[in-house]
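A.B. asks: All I have is the shape, not the residue letters:
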């Protein structure tokens, strides 16, 4: 039986050990834009115990960080074992914080975010080892997916979009295919408005309705209407936290790296 409360334990620095064939690791580090999950063995050492999962998926994650010396990784527990979760999650993100010498900015942001009453995205620090080589201290960041939606909102049936540049929410008509066709400027490509849930249905009706509502004349009627579609106080608080923390890689400035 696996521990159920250690994956995002903030009271300790746990260790993640990845064992992967050397030729697979070489491809990962060479073909940096690949989204392919390579087969690996995952070991999580939380100090008072150790869990081992065979046949997990392992790949790079991020955009510009893929070209950094200290790369970031994504681990998928259900890539090769359908439906499998570890401590209630299907994926985790190991962020190398290559732009942050302190390694603490992202963790501090999510702590402030949670303490401000926003929905929690769990984080912790872990040491990362790959084939016994120490890769450094990483932020272990919770995946935003259906499991996360269910945990923080108690509801997971809606559409979750990951938005990357140039996702500026500008109205471009009522045809949802127009928005699907907007290409992401990220290094790995894809859609600027990329559906993360309900992918098989692929229905962007709600996004089109949202963008249409946003681009109405700003008057008293707009204020009443938009309050029915948007958690206005939460949205303004999110923007304020971005400003206070100097987060420029967001909707307001870079039109990039945000979720709807």
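C.D. replies: Done, it's in. Keep in mind the model is a prediction, meaning the values are calculated, not measured. Numbers count the residues shown, from 1 in each chain.
A.B. asks: Identify all contacting residues around the host helix or strand of residue 236.
C.D. replies: Residue 236 belongs to helix 232-245 when assigned by DSSP states H and E. The contact list for helix 232-245 (CB atoms under 8 Å, 6 or more residues apart in numbering) reads 105, 108-109, 112-113, 116-118, 226, 247, 250, 252. For every residue, glycine as well, the C-beta is placed using N, CA and C.
A.B. asks: 6 Å instead, please
C.D. replies: Contact with helix 232-245 is made by 109, 113, 250, 252, as judged by CB atoms under 6 Å, 6 or more residues apart in numbering.
A.B. asks: In helices, which of the residues you listed appear?
C.D. replies: Using DSSP state H, the subset of the contacts of helix 232-245 located in helices is 109, 113, 252.
A.B. asks: Could you count how many residues lie near the first one?
C.D. replies: Other residues lying near residue 109 total 18 when counted by other CB atoms under 10 Å.
A.B. asks: Relative to residue 100, how far out is the nearest residue to it once chain neighbours are set aside?
C.D. replies: Closest residue to residue 109 apart from its sequence neighbours, by CB to CB, 6 or more residues apart in numbering: residue 245 at 5.2 Å. Distance, residue 245 to residue 100, by CB to CB, to the nearest Å: 12 Å.
A.B. asks: out of the contacts of helix 232-245, which are buried?
C.D. replies: The neighbour-count test (16 or more other CB atoms under 10 Å) marks 109, 113, 250 as buried among those.
A.B. asks: ok, of these, which one's closest to residue 133?
C.D. replies: residue 109 (29.1 Å; CB to CB).
A.B. asks: Buried residues, the helix or strand of the chain with the lowest mean pLDDT. List them.
C.D. replies: Ranked by mean pLDDT, DSSP states H and E, the weakest helix or strand in the chain is helix 251-254, scoring a mean of 92. Neighbour counts over helix 251-254 (16+ other CB under 10 Å) mark 251, 254 as buried.
A.B. asks: Residues contacting it, please?
C.D. replies: Contacts for helix 251-254 (CB under 6 Å, 6+ apart): 239, 248, 258.
A.B. asks: so where's this protein uncertain?
C.D. replies: Where the chain drops to pLDDT under 70, the residues are 1.
A.B. asks: State the next helix or strand along the chain beyond the longest strand along the chain.
C.D. replies: Counting residues, the longest strand in the chain under DSSP state E turns out to be strand 50-61. Next helix or strand after strand 50-61 toward the C-terminus (DSSP H and E): strand 72-76.
A.B. asks: tell me which strands and helices that next one is in contact with?
C.D. replies: strand 50-61, strand 91-95 (3 or more CB pairs under 6 Å, 6 or more residues apart in numbering; DSSP states H and E).
A.B. asks: Columns distance to residue 83 and mean neighbour count on top of these, output as TSV?
C.D. replies: Below are the helices and strands packed on strand 72-76 laid out as TSV (distance: least, CB to CB, whole Å; neighbours: other CB atoms under 10 Å):
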stretch	distance to residue 83	mean neighbour count
strand 50-61	13	17
strand 91-95	13	22
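A.B. asks: Could you dump the ones you listed into a markdown table and include distance to residue 21?
C.D. replies: Listed next are those as a markdown table, based on distance: least, CB to CB, whole Å:
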| stretch | distance to residue 21 |
| --- | --- |
| strand 50-61 | 11 |
| strand 91-95 | 19 |
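A.B. asks: out of those strands, which comes closest to residue 186?
C.D. replies: Within those, the stretch nearest residue 186 is strand 50-61; the backing value is 11.2 Å (CB to CB).
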